[in-house]
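K.L.:
3D, please:
(2 chains)
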Amino acid sequence: MATRLLAAPELKLPDIDYPALAPMLVLFGVACVGVLVEAFVPRRLRYRLQVSLAIGGLVAALVMVIVSSGRELTTAGAAIAVDGPALFLQGAVAALGLVAMLLIADRTVEPGGAFVSQASVAVGTTADRQQSGQPGATEVYPLALFALGGMMMFVAANDLLTLFVALEVFSLPLYLLCGLARRRRLLSQEAAVKYFLLGAFSSAFFLYGVALLYGFAGTVQMAGLREAVGDTGRNPTLLVLGLSMLAVGLLFKAAAVPFHVWTPDVYQGAPTPITALMAACTKVAAFGGLLRVFVIAFPVGALDWRPVLVVIAIATMLVGAILAVTQTDIKRLLAYSSIANAGYALTGVLALNREGVAGTMFYVVAYGFAVLAAFGIVTLVRDPDGEATHLARWAGLGRRSPLLAALFTFLMLAFAGIPLTSGFTSKFAVFSAALGADQVALVIVGVLSSAILAFPYLRVVVLMYLSEPAEDTPTVSVPGVFTATALTIGVLATALLGLAPGVVLDIASQAAGFVS
Amino acid sequence: MTGMRSFPFLSLLTLLPLAGAVVVATLPRGKPKLAKLTALGFSLAVTVLTGLMWAAYSTTGDRFQFRESYPWIPRWGVSFTFAADGIALVMLALIAVLTPVVILASWHDAERPEGGEPGRRSVPAFFALLLALECTMIGVFAAADVFLFLVFFEAMLVPMYFLIGSFGGARRQYAAVKFFLYSLVGSLLMLVAVIGLWVISADQLGQATFDWAKLAELDIAEGTQRWLFLGFFVAFAVKAPFFPFHTWLPDAGGAAPAGAAAMLVGVLDKVGTFGMLRYCLPLFPEASRAFAPMVLVIALIGVLYAALLAVGQNDLKRLVSYTSISHFGLIGIGIFAFTSQAGTGAVLYMVNHGLATGLLFLVVGMLVARRGSALISDFGGAGKLVPVLSGVFFIAGLASLSLPGTAPFVSEFLVLLGTFGVNPWVAVLATFGIILAAGYVLWMYQRTMQGTLNPTLTEARGMRRDLTRREVVVVAPLVALILLLGAYPKPVIDVIEPAVQATLSDLGVSDPVPSSAKGGK
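P.N.:
Model (predicted):
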């Protein structure tokens, strides 16, 4: 012990630029306070307090990201890089997280909220029946904040170990949140277990990949890896194996084929606000990580990994689009659509240039807002058993609730990439970057798969408008303030990013330069 | 008139129906009459504005007039740039004439859709969709920025999709989705070609742009040109539609309400042939010349094949749709014959076909509304019950088969004459299509209007009423224009010809008039 203490002066603590870390620190801090609130504040006060804390924390984090805009530095011993992409994506996580948090906080659509009171109570027991009327758990707010904080760290991580820690920090709360649905609890718990098991596998792959890459380069720093990749004297086997395993971990979170199989089950089983959070924010985080790893740490040189990623992107677009056609459940349909969208975003990554980085970042933000609004609408279509997610139940919804159907149609057209919506401009951004980098095949598959994908979207529109309402057409709940605000933000963003994308495009383009 | 030329006609023309659509959509459902009158008012305002623009257009002036440009997405070099050449101008005039007529013709269609249950559909929505469609169609012809064109080209699908899907007859959902998907595949392929063009512009000009005028100056390698040409051409061939991309039209035309079908075939499909003239030929001249024989062959197949199918139809609206496919083949031949005569004829045909087929669809719509069925076998001897309507139907039919004296005759004649000089066998084979046209039109008329009276017809209450006053107002302008342009097409030809010649000079084809004169020597 004594020798250790004596040796302490040699251990030099890294300099920490606290303002640069502030957005993450705020979220983690507020999340910790949230845990204390759970422990010490009376139950009846918790909901209001937690919601205020969560929303206040996210707004504060967003403001701090905006204040830091333009900074470029690495801090905490180069473990965290605060640069254009990191700040842009952190801002995106905070903004999308805020909208998702509004959906999570809603308690008017479903009395007591979308979450169960005590998830540990076995389904179908007397205790379970007793708790069915109780308000939902308030632990979800700190959990979601931990996840969002982890995502913010993930997009800024400048070495592979920090990346791994961030991955776990945002994944673990998500596994838990998936199992907390108030209705269809078995499905929800199955989703949680499935997500956890597959996620644990992918994390193991990721970690093993990091170990091999450390063996290859002798460092886990992005800059060091970049140097090592350029050095021809090293063992390529370690690089190939290490990078493949790392990619498995990252592509799993991005829901790219063939690491996508969890997506439909988890998206369907999870409480819909959590599904929205995963579809919007996890995607942003996953692509932030992919961009940093592939653009910074592993430049195409001795090892040209592009063909593999091109095949994955093509498979992702096609599998997502084709399987979406056969879906009969709106949440599964949106899940497959999210898989296909991962393929389109990968198209931007594969451009491997500044336009590609900017295009991908624009894409995930545009997609995030649209998908949040879409899942927000899914929470509103209900029958006495909860959300009516089977597509057949949506028939004739346009007659009953023209406004809601019009909004959902608009979002479907956006997903289909029709002009004057963000879907068109964002597809344009990634496809133009890819075509500029001579990825012609990728772009052609991209547009053809979008045409296939338009079919399921149109089918929903047909069902809502052109089909006769069935006797048991579900009712559409009047959204509370929270959900209404979330929907408004999502739809407005989708329209604005389609009509006047200039501002966000400029920000994304200026923010497309990495430091390492 | 010089002062008039700087007036922002084109942006106002695009915005006016859009404003109309918004206004009409917000009107209460309980006052259908108000929605109809408002829609009619907006469409007539567009007509007046287009008339003023026509008057301000100088046939001897610049190729593109009324140019306006406002920045939109500077980072991508996208701007709201509008400009019209003679070809665009006549198409805008066609829209201006057809839209109010269609609105008036569809007066009761939203309340009493064929095959649909009455009273459950929103009247304001129907007319708002018609105005939104007008906005996107005007935009497509007025755009001089390729990105803007693409935006309108795709956006055009949405109102038409809902017009067919929500207000159409039997099988409307199938037809609407098929229409949407076919068109979407085409426009997505065009999107790739547009991006490709944009990337090339960034390489060659140092600054990426979508400005048509700058893109037309690019020097593109022929191999690249061919791919880009195909991207654009397939989109336009689906839209026009050309054989073998035509199968959506009979379904869409058959299921759409008559007014929407008249807009679909009368104007919307012309975007395809317009696009070939504006984008394929000037932007990719070498590729256009290389692909011309192939295009002529598929256009010729379209002329003959669709005419044969038309003969065999038992559904009036599907029959008219097939005749249109046949006529579009002829327009395609005129465009790809690369002579100014044939080109001028093709553009004139686009206008005349819009008037003739528009009229035919509207009259068929009136018949179908009366009988409650579009099947030819459900008619027979109807001329005895509704003589005036049957007379108008006859005129529309004759115009459709290009009888001398009606407007389509002039254009068809020009196409065949211009083609004969350079490609005699194509012209000769295409003439068979015209013979078939006489067959299907006259046989259709015979089976519906003449012969013994079908006893079920007298039971249909609607058949007791001949043309109403509203319907007279609908058909009168179209009949008048068909006859007028048949006798005196010069004002329209004067507008079209310089634009066609400019297009051919972009293409690098020598003035074809001496060459045909040489053939005559």
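K.L.:
which one's the longest helix in the chain?
P.N.:
Went with chain A since none was named. Counting residues, the longest helix found in chain A (DSSP state H) is helix A:185-217.
K.L.:
should've been chain B
P.N.:
The residue-count maximum for a helix in chain B (DSSP H) belongs to helix B:172-205.
K.L.:
What's the mean pLDDT across that one?
P.N.:
For helix B:172-205, the mean pLDDT works out to 89.
K.L.:
Same question for stretch A:187-198.
P.N.:
Stretch A:187-198 shows an average pLDDT of 93 in the prediction.
K.L.:
Off-centre distance for that stretch?
P.N.:
Taking the mean C-alpha point of stretch A:187-198 and that of its whole chain, the gap between them comes to 17 Å (Cα atoms, centre = their mean, to the nearest Å).
K.L.:
can you pull out the strands in the stretch 51-200 of chain B?
P.N.:
Taking DSSP state E, counting those that start in this stretch, the strands of the stretch 51-200 of chain B run over residues B:65-73, B:78-84.
K.L.:
Indicate which one of those strands is closest to chain A.
P.N.:
Chain A sits nearest to strand B:65-73 of all these, at 4.9 Å, using Cβ to the nearest Cβ. Yep, even glycine has a C-beta here, placed from its N, CA and C like the rest.
K.L.:
which residues of the stretch 301-450 of chain A score low on pLDDT?
P.N.:
Confidence mapping of the stretch 301-450 of chain A against pLDDT under 70 gives the ranges A:302.
K.L.:
Taking the stretch 251-400 of chain B, what residue is nearest to chain A?
P.N.:
When distances are taken as Cβ to the nearest Cβ, the stretch 251-400 of chain B approaches chain A most closely through residue B:255, which lies 10.9 Å from it.
K.L.:
Name the nearest residue to that residue, sequence neighbours excluded.
P.N.:
Take residue B:255 and drop its neighbours on the chain: the residue closest to it by Cβ to Cβ, 6 or more residues apart in numbering or on different chains is residue B:175, 3.6 Å away.
K.L.:
how near is the one you found to chain A?
P.N.:
Going from residue B:175 to chain A by Cβ to the nearest Cβ, to the nearest Å gives 10 Å.
K.L.:
That residue against residue B:257, yeah?
P.N.:
No: look at residue B:175 against residue B:257 with Cβ atoms under 8 Å: they stay out of range, at 11.4 Å.
K.L.:
list residues touching both of these two?
P.N.:
Where contact means Cβ atoms under 8 Å, 6 or more residues apart in numbering or on different chains, the residues bridging residue B:175 and residue B:257 through contact with each are B:164, B:168.
K.L.:
Who is residue A:81 paired with across the strands?
P.N.:
Applying DSSP bridges to residue A:81 gives these bridge partners: residue A:74.
K.L.:
residue contacts, it?
P.N.:
So residue A:81 contacts A:73-74, A:156-158, A:222, A:292, A:514-516 (Cβ under 8 Å, 6+ apart).
K.L.:
can you list the weak-confidence ranges in chain B?
P.N.:
For chain B, residues meeting the criterion pLDDT under 70 lie at B:1-5, B:112-120, B:510-521.
K.L.:
How about the residues of it by chain A?
P.N.:
By Cβ under 8 Å from any Cβ of the partner chain, the residues of chain B that approach chain A are B:72-76, B:120, B:122, B:150-152, B:154-155, B:157-158, B:161-162, B:165-166, B:172-173, B:176-177, B:180-181, B:184-185, B:188-189, B:191-192, B:195-196, B:198-199, B:202.
K.L.:
isn't there a strand covering residue B:244?
P.N.:
No: counting by DSSP: H, G, I helix; E, B strand; the rest coil, residue B:244 falls outside a strand, being coil.
K.L.:
Help me confirm that it comes into contact with residue B:297.
P.N.:
No: the pair residue B:244 and residue B:297 does not pass the contact test of Cβ under 8 Å, sitting 11.5 Å apart.
K.L.:
So these two - more neighbours on which side?
P.N.:
Per other Cβ atoms under 10 Å in any protein chain shown, whichever of residue B:244 and residue B:297 has more neighbours is residue B:297, with 14 against 11.
K.L.:
which SS class is the more buried one?
P.N.:
helix.
K.L.:
now the helices for the stretch 1-150 of chain B?
P.N.:
Applying DSSP state H, counting those that start in this stretch to the stretch 1-150 of chain B gives helices spanning B:2-5, B:9-26, B:32-56, B:86-105, B:123-142, B:146-155.
K.L.:
Give me whichever of the ones you listed is most buried.
P.N.:
Ranked by average neighbour count under the criterion mean count of other Cβ atoms under 10 Å in any protein chain shown, these are headed by helix B:123-142 at a mean of 27.
K.L.:
In CSV, please show the C-alpha coordinates belonging to that one.
P.N.:
As requested, the backbone C-alpha atoms of helix B:123-142 are provided in CSV (Å, rounded to 0.1, in the frame of the first residue of the first chain):
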residue,chain,number,x,y,z
VAL,B,123,-66.0,17.8,-51.4
PRO,B,124,-63.5,20.5,-50.4
ALA,B,125,-60.8,17.8,-50.3
PHE,B,126,-61.6,16.8,-53.9
PHE,B,127,-61.3,20.3,-55.3
ALA,B,128,-58.3,21.2,-53.1
LEU,B,129,-56.6,18.2,-54.6
LEU,B,130,-57.5,19.3,-58.1
LEU,B,131,-55.9,22.7,-57.4
ALA,B,132,-52.9,21.2,-55.8
LEU,B,133,-52.5,19.0,-58.9
GLU,B,134,-52.7,22.2,-61.1
CYS,B,135,-50.0,23.8,-59.0
THR,B,136,-47.6,20.9,-59.3
MET,B,137,-48.3,20.6,-63.1
ILE,B,138,-47.6,24.3,-63.7
GLY,B,139,-44.4,24.0,-61.6
VAL,B,140,-43.2,21.1,-63.6
PHE,B,141,-43.5,22.9,-66.9
ALA,B,142,-42.3,26.3,-65.5
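K.L.:
For it, name the packing helices and strands.
P.N.:
Helices and strands touching helix B:123-142, by 3 or more Cβ pairs under 8 Å, 6 or more residues apart in numbering or on different chains; DSSP states H and E, are helix B:9-26, helix B:32-56, strand B:78-84, helix B:86-105, helix B:146-155, helix B:157-167, helix B:258-263, helix B:270-275.
K.L.:
any idea how far stretch B:242-254 is from the chain center?
P.N.:
14 Å.
K.L.:
What are the contacting residues of that stretch?
P.N.:
Counting by Cβ under 8 Å, 6+ apart, stretch B:242-254 makes contact with B:164, B:169, B:171, B:174-176, B:178-179, B:182-183, B:186, B:234, B:237-238, B:241, B:261, B:264-265, B:269, B:272, B:298-299, B:301-302, B:305-306, B:315, B:317-318, B:320-322, B:324-325, B:328-329, B:332, B:361, B:374, all of which sit outside it.
K.L.:
Mind giving me the ChimeraX select for the residues you listed, buried ones only?
P.N.:
To isolate the buried ones among these in ChimeraX, judged by 16 or more other Cβ atoms under 10 Å in any protein chain shown, type:
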select /B:164,169,174,175,176,178,179,182,183,186,234,237,238,241,261,264,265,269,272,298,299,302,305,306,315,317,318,320,321,322,324,325,328,329,332,361,374
